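A.B. asks: Okay, predicted coordinates and the sequence, questions at the end:
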Amino acid sequence: MKQEFTRIAVKVGSNVLTRRDGTLDVTRMSALVDQIAELHKAGVEVILISSGAVASGRSEIRTLKKLDSIDQRQLFSAVGQAKLINRYYELFRDHGIPVGQVLTTKESFGTRRHYLNQKNCMTVMLENGVIPIVNENDTISVTELMFTDNDELSGLIASMMDTQALIILSNIDGIYNGSPNDPSSSVIREIGHGKDLSSYIQTSKSSFGRGGMLTKTNIARKVADEGITVIIANGKRDNILIDILQKPEETLCTRFTPSQEPVSSIKKWIAHSEGFAKGEIHMNECATEVLNSDKAVSILPVGITRIEGDFEKDDIVRIIDFRGNAVGVGKANCDSAQAREAMGKHGKRPVVHYDYLYIE
Ligand SMILES: Nc1ncnc2c1ncn2[C@@H]1O[C@H](COP(=O)(O)OP(=O)(O)O)[C@@H](O)[C@H]1O
Ligand SMILES: N[C@@H](CCC(=O)OP(=O)(O)O)C(=O)O
């Protein structure tokens, strides 16, 4: 098999794996497994991020009383994830391929140590020919501890594992330049850096999905800016994975152009750590301008007007421009008290060093 990637992440949305009545679509799963097995045998390392736990658990259990949404999610995912992974295990076993389950939470990406532990786990799986099947641990991730959805999780995994591509499979052929139901709209084939898609995206979601197209596009852009090709395609189409990789020109999908500039591994982690920020660093106009230029600059105390929050050295902080917009994320080089002390002064050490700074 001839194709350009040797390591990819594939995210499969709930609606790809479930039938209209909410039951698990084993035929579809089996077709996707066949394609992943073909890639695996051709030497492509695949990390599968699969939704579908809640959807497959829902059809399995009849509750005795009405449950609130958190209880429902916990119950259905606990039952559904077991069913889902069992199916994958059996389907991959028919190809002689071992799989392993990785259940994770947003918190597990919060510290560099946890992040590297997860990376090591999946690296050792891949080195031993095991396909990691990743999902959020829905049983214990509730409310603010949750990922927006598995698109966010898949972006983190692709970035963490240095994959060359992230393929997001949903129930739609790609991003339409209007309502997908409007016959005059069509799929945007290629999306370059800086393109604003917000006017195209409807807030509608597929019946079993969580985040919708907006999170998909935001994540896709961020990941593509780290140099990873992101493709959004229809997982319900036969042979879609193989077609995307072997006949990219002829296959209907949306592709986000990857940045040509390599991003270091630590910057990738920082880029996805915004949710763990412990404080804010507010910049003046001059510092904002320099940050927006192509120069490699650190955040120096002289350009800081305000420090919000209490943080320790090495905590994640948000960078705010002089207009009050969040423009980036960084790892603090000192604690918040030291940063306040140095603020506005010349000749002091950077509060965030360039190597640990990610500007969006
Ligand atoms: N411009 C658009 N192009 C494509 N899909 C869109 C657009 N705007 C909204 N959508 C909706 O986004 C849905 C896919 O997102 P989502 O339900 O989260 O899927 P998944 O479960 O695969 O993550 C599509 O089914 C479609 O209804
Ligand atoms: N972790 C959840 C996935 C929820 C989710 O994000 O779904 P989707 O928007 O279809 O990717 C589950 O397995 O049911």
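C.D. replies: On my side now, so go ahead. Treat the numbers as computed from the prediction; the structure is a model and nothing was measured. Ligands and ions are numbered 1, 2, ... in the order given.
A.B. asks: Please count neighbours and contacts with C-alpha atoms only from this point.
C.D. replies: OK.
A.B. asks: what about Arg93, neighbour count?
C.D. replies: 12 (other Cα atoms under 10 Å).
A.B. asks: for the protein, what spans make up the strands?
C.D. replies: 7-12, 45-50, 99-104, 131-136, 165-170, 190-191, 229-234, 254-256, 279-283, 304-308, 316-320, 326-331, 357-359 (DSSP state E).
A.B. asks: Format these as TSV; extra columns: mean pLDDT and mean neighbour count.
C.D. replies: TSV is the format used below for those (pLDDT from 0 to 100; neighbours: other Cα atoms under 10 Å):
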stretch	mean pLDDT	mean neighbour count
strand 7-12	98	24
strand 45-50	98	25
strand 99-104	97	17
strand 131-136	98	23
strand 165-170	97	26
strand 190-191	94	16
strand 229-234	97	25
strand 254-256	96	23
strand 279-283	95	24
strand 304-308	95	19
strand 316-320	94	26
strand 326-331	91	22
strand 357-359	90	21
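A.B. asks: May I see the ones you listed arranged in TSV, with distance to ligand 1 as well?
C.D. replies: Shown next, in TSV, are the strands of the chain (distance: least, Cα to the nearest ligand atom, whole Å):
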stretch	distance to ligand 1
strand 7-12	7
strand 45-50	10
strand 99-104	18
strand 131-136	13
strand 165-170	3
strand 190-191	13
strand 229-234	9
strand 254-256	10
strand 279-283	31
strand 304-308	34
strand 316-320	27
strand 326-331	25
strand 357-359	27
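A.B. asks: Make a markdown table out of the ones you listed and add distance to Lys83.
C.D. replies: Output for the strands of the chain, formatted as a markdown table (distance: least, Cα to Cα, whole Å):
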| stretch | distance to Lys83 |
| --- | --- |
| strand 7-12 | 16 |
| strand 45-50 | 13 |
| strand 99-104 | 12 |
| strand 131-136 | 13 |
| strand 165-170 | 21 |
| strand 190-191 | 37 |
| strand 229-234 | 24 |
| strand 254-256 | 31 |
| strand 279-283 | 41 |
| strand 304-308 | 46 |
| strand 316-320 | 37 |
| strand 326-331 | 39 |
| strand 357-359 | 40 |
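A.B. asks: quick one: Ser51 and Glu152 touch, right?
C.D. replies: No - with contact defined as Cα atoms under 8 Å, Ser51 does not reach Glu152; the gap is 11.9 Å.
A.B. asks: Those two: which has the busier surroundings?
C.D. replies: Legend: neighbour count by other Cα under 10 Å for Ser51 and Glu152, higher for Ser51 (29 against 19).
A.B. asks: Could you pull up the residues touching the more buried one?
C.D. replies: 11-14, 135, 150 (Cα atoms under 8 Å, 6 or more residues apart in numbering).
A.B. asks: which phi and psi does it have?
C.D. replies: Main-chain torsions, Ser51, degrees, to the nearest 10: phi -80, psi -170.
A.B. asks: Equivalent analysis for Leu197, please.
C.D. replies: The phi/psi pair for Leu197 (degrees, to the nearest 10) is phi -100, psi 0.
A.B. asks: Could you check the pLDDT of it?
C.D. replies: Looking at Leu197, its pLDDT reads 76.
A.B. asks: How about the contacts made by it?
C.D. replies: Thr217.
A.B. asks: what's the closest of the strands of the chain to Asn292?
C.D. replies: Checking the strands of the chain against Asn292 by Cα to Cα gives strand 357-359 as the closest, at 8.1 Å.
A.B. asks: on contacts alone, who are the packing partners of the closest one?
C.D. replies: Judged by 3 or more Cα pairs under 8 Å, 6 or more residues apart in numbering; DSSP states H and E, the packing partners of strand 357-359 are helix 265-271, strand 326-331.
A.B. asks: other SSEs contacting the first one?
C.D. replies: Counting contacts by 3+ Cα pairs under 8 Å, 6+ apart, helix 265-271 is packed against helix 150-160, strand 326-331, strand 357-359.
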